[in-house]
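J.: Got a predicted structure here, sequence first:
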Amino acid sequence: MKMRSSSSMPESRGKPYPAYGTRLPSSFLWSCLHTMKKNGKQDPTFTYEVIVVDDGSKDETSKVAFKYCQKYGSDKVRVITLVKNRGKGGAIRMGVFSSRGEKILMADADGATKFPDIEKLEKGLNDLQPWPDQMAIACGSRAHLEKQSIAQRSYFRTLLMYGFHFLVWFLCVKGIRDTQCGFKLLTREAASRTFSSLHIERWAFDVELLYIAQFFKIPIAEIAVNWTEIEGSKLVPFWSWLQMGKDLLLIRLRYLTGAWRLEQTRKVN
């Protein structure tokens, strides 16, 4: 039997972002469920679940998600509401550990990446076969849009972007041009191995996730996906990238000194 788990984390704290209350149904949940139902009609053995993780938000995320849960049933849509904000990485890890699927997709609920692009990730994942120990990861990528995005950015933001990419390459992850795209498909075994070892819980968690994957020699495919800039981002360019730079140094130094160790990890039940 085929099963896929989809985990989404609309993170919002402090002042509410009204866009989440109105944007979630049309751009994420509807598209997600429509795609899943379509796949189910094409393949009777296909099953799925959608997990929405509300990371202590102050908006209507949980309320909107619960309406879909009531409409489609708790076997298709589940909602996890965290009382305290844990950060994007911590919230997604909660969703992954609560999932039951053979393949696990992590996706941002703002709809920046179009959900039907999951088919591209599935193809990229299948092209990596045979998977060692059933482990493989397909990462959505916006690298092909870099020239277009540079044209719309200030020189300062472009400099920060290149600086961050250099630090990622120099300190942690080689061969992946876009580590931060929030659209990744993992086999259950790969999710178990990587998320069980994860320490970083905020924006740089993707880098540690891929660092762990490369350490364990898990095959990784980088797949170009459609992506649209969504208003309401909480990333303040200088301070956010400064924090991520600090996290990158932390990742490298703690693994180098043995403060963090990568060993055989427990499996997700």
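T.: Nice, I can see it.

J.: quick one: the helices in the stretch 1-150 of the chain?
T.: Applying DSSP state H, counting those that start in this stretch to the stretch 1-150 of the chain gives helices spanning 18-24, 30-42, 61-72, 88-98, 118-126, 146-152.

J.: for those, which one ends up most surrounded?
T.: helix 88-98 (a mean of 22; mean count of other CB atoms under 10 Å). Quick note: C-beta positions are derived from backbone N, CA and C, even for glycine.

J.: so what secondary structure elements neighbour that helix?
T.: strand 2-8, strand 46-55, strand 77-82, strand 103-107, helix 188-195, helix 205-215 (3 or more CB pairs under 8 Å, 6 or more residues apart in numbering; DSSP states H and E).

J.: Contacts for the third one next, please.
T.: Residues from elsewhere that reach strand 77-82 (CB atoms under 8 Å, 6 or more residues apart in numbering): 29, 33, 49-56, 62, 65-66, 68-69, 71, 91, 94-95, 98.

J.: coming back round to it: kindly reformat the helices and strands packed on helix 88-98 as JSON lines containing distance to residue 155 and mean pLDDT.
T.: Below are the helices and strands packed on helix 88-98 laid out as JSON lines (distance: least, CB to CB, whole Å; pLDDT from 0 to 100):
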{"stretch": "strand 2-8", "distance to residue 155": "34", "mean pLDDT": "50"}
{"stretch": "strand 46-55", "distance to residue 155": "33", "mean pLDDT": "93"}
{"stretch": "strand 77-82", "distance to residue 155": "38", "mean pLDDT": "94"}
{"stretch": "strand 103-107", "distance to residue 155": "31", "mean pLDDT": "95"}
{"stretch": "helix 188-195", "distance to residue 155": "35", "mean pLDDT": "97"}
{"stretch": "helix 205-215", "distance to residue 155": "24", "mean pLDDT": "97"}
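
J.: domain assignment for this protein?
T.: Domain assignment for the chain, taken from the TED database, gives 21-85, 103-229+238-257.

J.: Go through those and name the closest to residue 263.
T.: Nearest to residue 263, of all those, is domain 103-229+238-257, at 8.2 Å by CB to CB.

J.: The closest one: end-to-end distance?
T.: With CA to CA, to the nearest Å as the measure, domain 103-229+238-257 spans 33 Å from end to end.

J.: give me the number of residues near the nearest residue to residue 28 once chain neighbours are set aside?
T.: Leaving aside its chain neighbours, residue 28 sits nearest to residue 109 (4.5 Å; criterion: CB to CB, 6 or more residues apart in numbering). Neighbourhood size, residue 109 [other CB atoms under 10 Å]: 24.

J.: If I look at residue 109, what pLDDT would I see?
T.: With respect to pLDDT, residue 109 has a value of 82.

J.: List the buried residues in stretch 126-143.
T.: 128, 131, 135-142 (16 or more other CB atoms under 10 Å).

J.: where's the dip in pLDDT among those residues?
T.: Pick the lowest pLDDT in these and you get residue 142, at 91.

J.: what's residue 159 sitting at in phi/psi?
T.: phi -60, psi -40 (degrees, to the nearest 10).

J.: who's in contact with residue 244?
T.: Residue 244 neighbours (CB under 8 Å, 6+ apart): 164, 203-204, 207.

J.: Which one (most neighbours) among those residues?
T.: residue 204 (28 neighbours).

J.: Could you find the closest non-adjacent residue to that residue?
T.: Using CB to CB, 6+ apart, the nearest residue to residue 204 is residue 247, at 3.7 Å.

J.: quick one: that neighbour from residue 198, how far?
T.: To residue 198, residue 247 is 12 Å away according to CB to CB, to the nearest Å.

J.: Quick check: phi and psi at the residue nearest to residue 28.
T.: With angles defined as degrees, to the nearest 10, residue 109 sits at phi -80, psi 0.
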